[in-house]
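*Asks:* Got a predicted structure plus its sequence, pasted below:
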Amino acid sequence: MIGILVISHEPLGTALLHCTRHIFGRLPVQLAALDVIPDEDPEAALHSAQELLKRINDGSGVIVLTDIYGATPARIAARLAEPNRVLVIAGVNLPILVKALTYRRGPLDEVSERLMQGVRDTIVTIDPQSQGERS
């Protein structure tokens with residue numbers, strides 16, 4: 001099963017993991033977060049990320065979700081990328097994390113394709129007349 005690592009500005013990653021526990025009733029397996037604190041040494045954070053990656057990867061690959069493209073957490077995440085082994089996606093939010101957890105039983109390339117197709121559906125305008133239904 002594909003592992004999922006969230007690398008983000010503190011405390012976003014940990015908060016997203018807590019949300020998954022709320023949604024799934026337990027903390028999903030092979031899921032970890034690295035919260036990058038202000039002024040943290042990027043090399044130390046990279047080492048921590050590498051250790052987490054090893055812990056959650058059973059050989060099926062890992063999807064790394066990060067928050068802001070170009071920011072320190074994303075630069076750390078980019079250094080983990082390996083073709084067909086570690087996929088990095090910037091723009092993490094709770095819906096995309098839940099999708100990743102739901103679809104992660106397939107091959108990495110198929111899961112990544114499903115996630116990228118579903119990204120557009122994670123942010124929507126809610127019409128007050130629809131009472132919360134998507135329009």
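*Replies:* Happy to help now that I have it.
*Asks:* From here on, just use CA atoms for contacts and neighbour counts.
*Replies:* Will do.
*Asks:* What residues of the longest helix along the chain count as buried?
*Replies:* Assignment by DSSP state H gives helix 42-56 as the longest helix of the chain. By neighbour count on 16 or more other Cα atoms under 10 Å, the buried set for helix 42-56 is 45-46, 49, 52-53, 56.
*Asks:* Please produce JSON lines containing those, extended by distance to I96 and pLDDT.
*Replies:* Putting the buried residues of helix 42-56 into JSON lines (distance: Cα to Cα, whole Å; pLDDT from 0 to 100) gives the following:
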{"residue": "A45", "distance to I96": "23", "pLDDT": "98"}
{"residue": "L46", "distance to I96": "23", "pLDDT": "98"}
{"residue": "A49", "distance to I96": "20", "pLDDT": "98"}
{"residue": "L52", "distance to I96": "20", "pLDDT": "98"}
{"residue": "L53", "distance to I96": "19", "pLDDT": "97"}
{"residue": "I56", "distance to I96": "19", "pLDDT": "98"}
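*Asks:* how many neighbours does L16 have?
*Replies:* Residues lying near L16 (other Cα atoms under 10 Å) number 19.
*Asks:* Helix, strand or coil: sort out it for me.
*Replies:* Of the three states, L16 takes helix under DSSP: H, G, I helix; E, B strand; the rest coil.
*Asks:* List phi and psi for S8.
*Replies:* phi -150, psi 170 (degrees, to the nearest 10).
*Asks:* Dump the longest helix of the chain to CSV, restricted to CA.
*Replies:* In CSV, the C-alpha atoms belonging to helix 42-56 read as follows (Å, rounded to 0.1, in the frame of the first residue of the first chain):
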residue,chain,number,x,y,z
PRO,A,42,16.4,22.6,6.1
GLU,A,43,19.0,19.8,6.2
ALA,A,44,17.8,18.6,9.6
ALA,A,45,14.2,18.7,8.3
LEU,A,46,15.3,16.7,5.2
HIS,A,47,16.9,14.1,7.3
SER,A,48,13.7,13.8,9.4
ALA,A,49,11.6,13.5,6.2
GLN,A,50,13.9,10.8,4.9
GLU,A,51,13.5,8.8,8.1
LEU,A,52,9.7,9.1,8.0
LEU,A,53,9.7,8.1,4.3
LYS,A,54,11.6,4.9,5.2
ARG,A,55,9.1,4.2,8.0
ILE,A,56,6.0,4.4,5.9
